[in-house]
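Peer 1: Let me see the structure of the following:
(chains A and B)
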Amino acid sequence: MKTYSETLYDSYGQEFSVDKVYFENKTDHQHLIIFENAKFGRVMALDGIIQTTEADEFIYHEMLTHLPLISHGNVKRVLIIGGGDGGMLREVCKHASVEHITQVEIDNQVVDMCKEFLPKHSAGAYDDARVNIVIDDGANFVRNCTEKFDVIISDSTDPIGPGDVLFTSDFYADCKSCLTEDGILVTQNGVAFMQLDEVTTTAKRLQPYFSDQSFYCAAVPTYIGGVMTFAWATDNKAYRTLTADVLKQRFNAANIKCRYYNPAIHAASFALPQYIVEALEESE
Amino acid sequence: MIHIEPTSQAIHYQQLAKQHGTPMLLLDCDVIAQQFNALGNALPGVELFYAIKSLPHPAVIQTLDALGANFDIATSGEIELLRAQKSRPRKTIHTHPIKRDKDIRDALRFGCTTFVVDNIYELEKFVDYRHRVGLLIRVSFPNPDTPIDLSRKFGCREDEVGLLIIKAQSLGIHVKGLSFHAGSQCPDSRNHVHAIQQCKGIIENVQQQTGKLLSILDIGGGFPVQYDKPVMDIEGFCAPIREALYKLPEHIQVFAEPGRFISAPAMTSISSVMGKAKRGDTTWYYLDDGVYGSYSGQMFDHAIYPLTLFSDITQTETAVLAGPTCDSIDVIAENIEIPPLNIGDLIIGKQMGAYTSASATEFNLFDKAKIVAVNQIKEAEDNQAENNIVKFAE
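Peer 2: Next up is the predicted model:
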């Protein structure tokens, strides 16, 4: 039986049975593979780390999209950094009120490959007329960008590897300057139980630029080790304390169908486990 | 050590030389497999990590991968070689005691999570990666009996291990075991046995004093092969090691990092006489390979390779075998008594797999000898998988 072992940690890891390999590329100093697994459907892994699977990607993409968009309440322009698989784009496109979406992907081949081998992720979103795809380094794009966005979503890889620049202080500062007043930046920020440093480091790097910085959580099965954290950064403190009624009203108005996200999850997801709260307090 | 054989014995080599040109190196993958199995049989229960540096060739990697070998990597270049051969990253350890940040990141991206350190500065480099790695601490056990003492440049003192482990614990970095290198081409295994005994003591002390459980002992390499002098056979060499390992606590997993033992006997050099000159009473023969090429091990590795010449003449004369470059140090053998050779005659170098091509240069812009691999494994399973893979357009 063929298997694929994640190599993220030395002493702990997950293994998948591989029913069929759809795509494998071991060049350009990296290893990318897309394969079929009985439980998770199509699985994409880069450099020994699971990036996304068909079965559980909805949790990740819904939480990075609908939290900021529903909280903001009047999002017209969205910037997605990374997200070549198209899952984030699919979720953002569900919001009829959004007028423009720019997605910055470093490699056009990733987009083409995902359209071909992970078609359910984008589900046609790349054909949406509101979408503008830019092929550029995400950090470079925000550094030179003169446009403004209401929400920026950073859908990066692990900080060790090609996505490392998307975890730097400079990147966060540049994102701030691309946001409208009261705009929101959200980023994927790893599994806190396994890599608590990622939370405290991100907090330290974001806080100088945003008056309200926090994290919210969701458990994604193939990002193993407990809840994943998402970084939240904005200058509008009110977003995090919106009442359940307001969230419900906005969600109903948006008329979006979700499988993980709902207004109750939204409100609850800002509650952090005590070990994260303490780590953040200690690092201050 | 020079063997003279009748010219009738040269036919096989002449055919190869005609087909591939000289200088060339003939790599026999069957020998790679035999050596790996021989060491595996001599050290049952020990996980073998082939030291890629000794002969970083794809056919060697493929052969060993198919036999279930693990790999010892030291650089990002060696990682690229493994990646190209589709070897599984879980089967690797990164053994260079001194690394740049990029080296660590490259190895992590490949999927290697075991690293070796021997000092505090190196340990501190892992703070950012502490949740992802397990470290081995390399301990120094100097061995004056070996041609290359691998405990001079690297390895901490035995009494420093405890401090490094306490430091690692305070930094939140997981140390999972110890490693040592008893020397290269060891005449006997006394230093291995000594090092294993000492490490056993260290492991027990560490557990007593800090509560830290170490679970891996990497006994390095040093397994000898025969060049110009006879050496112990591998079974006899390993018997005392087995005995010492038997006394380790049961939970300890043992690794070894053989390089030379696996690769040295697998490659044969075929070079030819490209010129000759009578200088005084001595005949100088200029070969198309020398110490800047495949014979680099005579400079860097302190090896003297067994040579074979072909002649039906019984008289001998004093001669020098020199390499092709303009440097006067480029001499393979001098003051030797051999029958007269002609331009175009072949010189065969045996046991030339380890640290030969690997450390050869292109000085004078002479090309390195071409490696011709024979008896490569059939990659039936791989080809099967290949059919299922849709290759992305480059």
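Peer 1: Show the model's pLDDT score for the closest residue to chain A within the stretch 1-150 of chain B.
Peer 2: When Cβ to the nearest Cβ is the measure, the stretch 1-150 of chain B has its nearest residue to chain A at B:G111, with 3.2 Å between them. Every C-beta, even on glycine, is put in place using the N, C-alpha and C of the backbone. In this prediction, B:G111 carries a pLDDT score of 92.
Peer 1: B:A84 now?
Peer 2: Note for B:A84: predicted pLDDT of 87.
Peer 1: I'd say it and B:P58 touch.
Peer 2: Yes - assessed by Cβ atoms under 8 Å, B:A84 is found in contact with B:P58 at 6.9 Å.
Peer 1: Okay, now the unreliable bits of chain B?
Peer 2: Using pLDDT under 70 as the threshold, the predicted model of chain B has low-confidence ranges B:378-394.
Peer 1: need the residues of it near chain A, please.
Peer 2: Listed as neighbours of chain A in chain B under the rule Cβ under 8 Å from any Cβ of the partner chain: B:80, B:83-84, B:86, B:88-90, B:105-106, B:108-114, B:128-134, B:174, B:176, B:385, B:388-390, B:392, B:394.
Peer 1: Take those and, keeping just the buried ones, write it as a ChimeraX select command.
Peer 2: Here is the ChimeraX selection string for the buried members of the residues of chain B next to chain A, based on 16 or more other Cβ atoms under 10 Å in any protein chain shown:
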select /B:80,83,88,89,90,105,106,108,109,110,111,112,113,114,129,130,131,132,133,134,174,176,385,389
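Peer 1: Could you tell me which of the residues of chain B next to chain A belong to strands?
Peer 2: When DSSP state E defines the strands, the subset of the residues of chain B next to chain A inside them is B:T114, B:G134, B:K176.
Peer 1: now those as CSV including distance to B:M274?
Peer 2: Conversion of these to CSV gives the following (distance: Cβ to Cβ, whole Å):
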residue, distance to B:M274
B:T114, 47
B:G134, 52
B:K176, 53
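Peer 1: Of those residues, which is the nearest to B:K350?
Peer 2: The closest of these to B:K350 turns out to be B:T114 (Cβ to Cβ; 35.0 Å).
Peer 1: Excluding chain neighbours, give the residue nearest to the closest one in space.
Peer 2: Taking Cβ to Cβ, 6 or more residues apart in numbering or on different chains as the measure, B:T114 lies nearest to B:I93, with 4.2 Å between them; neighbours along the chain are not counted.
Peer 1: Run through the residues that contact the nearest residue to B:R83 once chain neighbours are set aside.
Peer 2: Computed as Cβ to Cβ, 6+ apart, the closest residue to B:R83 that is not its neighbour in sequence is A:K26, at 5.4 Å. Under the criterion of Cβ atoms under 8 Å, 6 or more residues apart in numbering or on different chains, the contact partners of A:K26 comprise A:L32, B:R83, B:A84, B:K86.
Peer 1: cool, and A:T202?
Peer 2: A:F167, A:T187, A:N189, A:A231.
Peer 1: Is it correct that the third one falls within a strand?
Peer 2: Same thing as A:N189. Yes - per DSSP: H, G, I helix; E, B strand; the rest coil, A:N189 lies within a strand segment.
Peer 1: Would you mind listing the residues in contact with it?
Peer 2: Under the criterion of Cβ under 8 Å, 6+ apart, the neighbours of A:N189 are A:E198, A:V199, A:T202, A:F215, A:M228, A:T229, A:F230, A:A231.
Peer 1: what pLDDT does it get?
Peer 2: Reading off the model, A:N189 has pLDDT 95.
Peer 1: can you check A:L247 too?
Peer 2: Per-residue confidence for A:L247 comes out at a pLDDT of 96.
Peer 1: and if you look at the one 4 residues further on?
Peer 2: Per-residue confidence (pLDDT) for A:F251: 97.
Peer 1: so it is in which element?
Peer 2: Secondary-structure element containing A:F251, defined by DSSP states H and E: helix A:244-254.
Peer 1: Pull the residues that contact the helix or strand just after that helix.
Peer 2: Downstream of helix A:244-254, the next assigned helix or strand under DSSP H and E is helix A:263-268. By Cβ under 8 Å, 6+ apart, the surrounding residues in contact with helix A:263-268 are A:H66, A:L67, A:I70, A:S71, A:A218, A:L242, A:A244, A:L247, A:K248, A:F251.
Peer 1: The same query, at a cut-off of 7 Å, please.
Peer 2: A:L67, A:I70, A:A244, A:L247, A:K248, A:F251 (Cβ atoms under 7 Å, 6 or more residues apart in numbering or on different chains).
Peer 1: Name the member of those with the shortest distance to chain B.
Peer 2: Sorting the contacts of helix A:263-268 by how near they are to chain B, with Cβ to the nearest Cβ, puts A:L67 at the top with 26.0 Å.
Peer 1: Count the residues that sit near that closest one.
Peer 2: 26 (other Cβ atoms under 10 Å in any protein chain shown).
Peer 1: Mind exporting the C-alpha coordinates of the host helix or strand of it to CSV?
Peer 2: Using DSSP H and E, the element containing A:L67 is helix A:57-72. Taking only C-alpha atoms (Å, rounded to 0.1, in the frame of the first residue of the first chain), the coordinates of helix A:57-72 have been written out as CSV:
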residue,chain,number,x,y,z
GLU,A,57,-10.9,22.7,3.3
PHE,A,58,-14.3,24.2,3.9
ILE,A,59,-13.5,24.9,7.5
TYR,A,60,-10.4,26.8,6.8
HIS,A,61,-11.7,28.8,3.8
GLU,A,62,-15.1,29.6,5.4
MET,A,63,-13.4,30.8,8.6
LEU,A,64,-10.8,33.0,6.9
THR,A,65,-13.5,34.5,4.6
HIS,A,66,-16.8,35.0,6.4
LEU,A,67,-15.4,36.1,9.8
PRO,A,68,-13.9,39.3,8.4
LEU,A,69,-16.6,39.9,5.7
ILE,A,70,-19.6,39.5,8.0
SER,A,71,-17.8,41.5,10.8
HIS,A,72,-17.1,44.4,8.5
